[in-house]
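In: How does the following fold in three dimensions:
(one chain, ligands or ions: 2)
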Amino acid sequence: MNPDILRERQNATFDIEKLTNILDGGAERTNRRREIREVLVLNDPDFDYGTPTSLPTMILKLREYGISDPVEINWYKSMYWGTGREALGLHYVMFLPTLYTQCDSEQFNKWVPLIIGTYAQTEMGHGTHLRGLETTATFDPATQEFVMHSPTVTSIKWWPGGRNPLFLPLIFLSIPLSASLFDLFLSGFALPTCSGIVIGDIGPKFGFDAVDNGYLKLEHVRIPRENMLMKYAQVKPDGSYVKPLSSKLTYGTMVFIRSLIVGNAGIVLSQCCTIAIRYSAVRHQSEIRAGEAEPQILDYQTQQHKLFPLLATAYAFLFAGQYMIDTYNRISGDINQGDLSEMPELHALSAGLKAFTTWTANTGIEVCRMSCGGHGYSRSSALPDIYVEFTPSCTYEGENTVMMLQTARFLMKSYRQVQAGQQLSGAVSYLNKVHHRVMAPQAVSSQLDLNLNTLVDLYEIRAAMLVELAAQSIQQESARGKCQEDSWNNSTIDLVRASDAHCHYMVLKMFRDKVDQIEDPGVHSVMSTLAHLYAIHGMGNFTGDFLQAGVLTGAQVPSVSKCLKGLLAEVRPSAVLLVDAFDHHDKMLNSVLGRHDGNVYEAMFEWARSSPLNRTEVHESFHKHLKPLQAKL
Ligand SMILES: CC/C=C\C/C=C\C/C=C\C/C=C\C/C=C\C/C=C\CCC(=O)SCCNC(=O)CCNC(=O)[C@H](O)C(C)(C)COP(=O)(O)OP(=O)(O)OC[C@H]1O[C@@H](n2cnc3c(N)ncnc32)[C@H](O)[C@@H]1OP(=O)(O)O
Ligand SMILES: Cc1cc2nc3c(=O)[nH]c(=O)nc-3n(C[C@H](O)[C@H](O)[C@H](O)COP(=O)(O)OP(=O)(O)OC[C@H]3O[C@@H](n4cnc5c(N)ncnc54)[C@H](O)[C@@H]3O)c2cc1C
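Out: Ligands and ions are numbered 1, 2, ... in the order given. Predicted structure coming up:
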């Protein structure tokens, strides 16, 4: 083991295993995760690490081991495929969940155990604006079939992931009988027997190469009436249409995956922090004091400023992911029982946190890569691949700006309710104080109060202030004679800013609440430091907001920076131990820089030598191209 890494792991001030247990949701979950990793994957003789041919093996193994819990599926898949994506991601996170949530019982029993499928909602002309989708589904009572059709070039289904050329069960979103509603259809197509279907691949992408995203053009293709997913809406044999309790129930799968993406952003950021911080502990470069040995780059304050707030953010997002999926499970359970009262709040929370966490993690991955210098740019670091696979999450499952505006829609509605004298509950209850001016900026002391509860209150006031400013912008636009829609559009910069601040407050509050639950003194102490760092770093990035909210004075601004530097120094001794607690296996990270043993240089040389380009001392291209050319010169 590298001596630097060895030294970093001495004198731990907290129990790493206990922190790993907290991240997993308990010691039993940690044990189960490791059992899946060590026993069911790494020690499985059939396991042929991450090669395409092992995809069928993976599916059969999941069934053999009876792994059906979504999180356990993800543990198995992420160990099997490491930080890459595999072709069936969409099947597990969208196709199956749609069948689970939108099929009636007869359809469920008929389809769920048998098929692998994709999710074809986006069209060439519309991805965000679902009410603009053009694919039609017209019911033919004479044959009891739906006629599926792509009327325009922009209606061609574009992007369905995991398009399998052999058979194509897919979930459709189409405009059926009543144009304002959408319904879901299972195609049940078996190619090439179905005429009227034109499919293909949309071509090379930025990345996401393990997933073959396709296109699908339908020319009056007929599917049985029973292929409409009929849990919430039905078309009867006589053609009569039974509307769902809410047209938004059709959007349920997107809310599910957005909820998952919150935690996934935390996982991906924790992977990158593991790589960058372990590497920074073994990389020596330049000098701090002339004549002395080159220091670990982790001892440079700028390197700490790059990485430690991201480390705190990774923990924050992992805890937010736990809160999000627990909230999703609770509210979707109520929806399943017909209680849709919290569906708007679930949509607003999942949409906002999905955008907030993916935007932040997306930027953070690049900071981690650049903090590793040239070796960070090498594929051996795994950081370029992680970035390329993660960055579309800012676009898919709801483009981030649009998602932030959906959250803003809920915030504006809530603000109006407070203005009308209503008492709010839930995540927006802090807006009640705005109306009663309880949010009046606190008389802040000359010294910045570092108590975590105080910091949460300051973020709450900042969010409330920005919500009120956005609402006032809309009101001012209306007062200038703009229609409601133009008033909204002319305020969308303010609205996104308000949603971002609302999500930032929510994430810090979740982090604080999680820290409050930690009983072990050592773990509580280090987590409390990270939560402070997360809050102070955000205050440094958005100082203007806190000044504008009147909760920070100009005289206090220097103390924010001073406090930040102190927290960076406080985290330094525990940095490697804090990434060890994420418990990412070397095989899964697949990173020369992030190895647990820190033996980077030897591994990097072996990695380079294993390249096909180095299979021979002199590359064949010399003999084939250069030597003949030289002979002619
Ligand atoms: C099993 C898994 C196991 C483990 C996995 C674990 C980890 C894995 C984690 C992550 C996986 C990694 C990667 C992800 C995997 C796959 C991703 C790959 C590919 C991506 C696939 C796709 O992208 S599928 C297509 C996605 N498309 C979208 O998201 C479309 C976005 N657009 C919309 O959602 C809507 O058009 C809209 C919301 C923008 C607008 O809708 P609409 O116009 O109908 O509504 P209005 O704006 O007019 O608002 C009207 C009112 O409706 C409310 N509303 C809107 N949406 C919802 C909703 N979903 N729920 C509830 N309410 C909703 C809105 O709030 C308005 O209400 P008012 O009261 O204000 O009127
Ligand atoms: C890797 C990847 C995999 C995908 N897999 C699938 C899949 O399997 N199945 C599937 O159905 N889809 C899939 N998609 C498609 C994806 O869901 C859409 O690309 C996504 O929903 C964004 O829609 P869009 O492409 O129409 O972007 P647009 O909405 O056209 O976005 C372009 C710009 O317009 C802005 N904009 C749009 N509407 C508004 C508004 N109301 N207010 C302000 N600004 C706005 C956006 O902010 C953005 O800046 C995938 C996409 C990617 C990148």
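
In: how does the protein divide into domains?
Out: 34-88+252-400, 117-244 (automatic domain parsing).

In: okay, the ones you listed in CSV with mean pLDDT, mean neighbour count and distance to ligand 1 next?
Out: C-beta here means a position set from N, CA and C on the backbone, and glycine is covered the same way. Shown next, in CSV, are the domains of the chain (pLDDT from 0 to 100; neighbours: other C-beta atoms under 10 Å; distance: least, C-beta to the nearest ligand atom, whole Å):
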stretch, mean pLDDT, mean neighbour count, distance to ligand 1
domain 34-88+252-400, 92, 20, 3
domain 117-244, 82, 18, 4
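
In: so who does Ser491 touch?
Out: By C-beta atoms under 8 Å, 6 or more residues apart in numbering, the contact set of Ser491 is Ala470, Ser473, Ile474, Glu477.

In: Turn the domains of the chain into JSON lines, including distance to Thr454.
Out: Converted to JSON lines, the domains of the chain look like this (distance: least, C-beta to C-beta, whole Å):
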{"stretch": "domain 34-88+252-400", "distance to Thr454": "18"}
{"stretch": "domain 117-244", "distance to Thr454": "39"}
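
In: nearest to ligand 2, of the ones you listed?
Out: With C-beta to the nearest ligand atom, the closest approach to ligand 2 among these belongs to domain 117-244: 2.4 Å.

In: how about that closest one, does it reach ligand 2?
Out: Yes: residues of domain 117-244 are located near ligand 2 by C-beta under 6 Å from any ligand atom, namely Tyr119, Ala120, Gln121, Thr122, His126, Gly127, Thr128, Trp159, Pro160, Gly161, Phe208, Asn213.

In: Dihedrals phi and psi, Thr122?
Out: phi -60, psi 140 (degrees, to the nearest 10).

In: I'd guessed it sits against Trp158; true?
Out: Yes: with contacts counted by C-beta atoms under 8 Å, Thr122 reaches Trp158, the gap being 5.7 Å.

In: nearest to Leu633, of the domains of the chain?
Out: Smallest distance to Leu633 across these (C-beta to C-beta): 34.1 Å, for domain 34-88+252-400.

In: So what's the predicted local confidence for Thr454?
Out: Per-residue pLDDT puts Thr454 at 93.

In: With Leu114 instead?
Out: With respect to pLDDT, Leu114 has a value of 68.

In: In the protein, where's the longest helix?
Out: helix 301-336 (DSSP state H).

In: and Ser528, what does it touch?
Out: Applying C-beta under 8 Å, 6+ apart, the residues contacting Ser528 are Leu452, Val515.

In: and the next element down the chain from the helix or strand containing it?
Out: Per DSSP states H and E: Ser528 is located in helix 521-541. Using DSSP H and E, the helix or strand that directly follows helix 521-541 along the chain is helix 543-548.

In: Which strands or helices does that next one pack on?
Out: Helix 543-548 is packed against helix 452-479, helix 557-571, with contacts defined by 3 or more C-beta pairs under 8 Å, 6 or more residues apart in numbering; DSSP states H and E.

In: residues from the stretch 401-550 of the chain in reach of ligand 1?
Out: So the stretch 401-550 of the chain meets ligand 1 at Val402, Gln406, Arg409, Lys413 (C-beta under 6 Å from any ligand atom).

In: And the last one, how far from Leu431?
Out: This means Lys413. According to C-beta to C-beta, to the nearest Å, Lys413 and Leu431 sit 11 Å apart.

In: So which of the residues of domain 117-244 next to ligand 2 sit within helices?
Out: Those of those lying in helices (DSSP H): none at all.

In: These: which two are farthest apart?
Out: Top of the distance list for the residues of domain 117-244 next to ligand 2 (C-beta to C-beta): His126 and Phe208, 20.3 Å.
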